[in-house]
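Student: got a predicted structure here, sequence first:
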Amino acid sequence: MRSIIIAAALALSAMAAQAAEPIEGNWKTASGATAQIAPCGGAFCVTLKSGKFTGKQIGKMSGSGDSYKGEITDPETDKTYAGSGSVSGNSLKMKGCVMAVLCKSQTWTRL
């Protein structure tokens with residue numbers, strides 16, 4: 001009985017840790033490249049790990065749970081936009097906006 005309780009507690013703590021920062025990990029972008037989202041300072045940095053712009057940091061987001069805000073850069077044009085990210089299961093909806101009116105969105109998939 002005690003081992004079942006310990007196992008359940010460990011499983012719940014692992015789920016809570018994953019739920020606390022679900023944006024972390026590797027994501028397949030709309031272009032097919034792999035982006036890694038990892039802690040950096042007090043935020044999360046978005047760095048391309050494959051494709052034409054491998055190694056380029058394209059964003060920095062702050063937040064927790066399933067909602068994040070920060071900046072996102074289009075690697076093709078090197079222009080930076082106000083960005084947001086919303087995690088839902090294995091999907092990450094990334095959105096970049098100019099003056100909060102002109103926005104583009106794409107959905108990334110967790111790898």
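Tutor: Sure thing, it's come through.
Student: C-alpha only now, for contacts and for neighbours.
Tutor: Will do.
Student: torsion angles phi and psi at the most centrally placed residue in the chain?
Tutor: Nearest to the centroid of the C-alpha atoms of the chain, with distances taken as Cα atoms, centre = their mean, sits I23, at 3.7 Å. I23 has phi and psi values of phi -80, psi -20 when expressed as degrees, to the nearest 10.
Student: wouldn't it be in contact with S62 here?
Tutor: No: using Cα atoms under 8 Å, I23 is not in contact with S62, being 10.1 Å away.
Student: next secondary structure element downstream of the lowest-mean-pLDDT helix or strand in the chain?
Tutor: In the chain, no helix or strand scores lower on mean pLDDT, DSSP states H and E than helix 2-20, which sits at a mean of 44. Downstream of helix 2-20, the first helix or strand assigned by DSSP states H and E is strand 25-28.
Student: against which helices or strands is that following strand packed?
Tutor: In terms of contacts (3 or more Cα pairs under 8 Å, 6 or more residues apart in numbering; DSSP states H and E), strand 25-28 is packed against strand 34-40, strand 102-110.
Student: and the ones you listed as CSV, adding distance to P75, mean neighbour count and mean pLDDT?
Tutor: Output for the helices and strands packed on strand 25-28, formatted as CSV (distance: least, Cα to Cα, whole Å; neighbours: other Cα atoms under 10 Å; pLDDT from 0 to 100):
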stretch, distance to P75, mean neighbour count, mean pLDDT
strand 34-40, 12, 20, 97
strand 102-110, 14, 15, 95
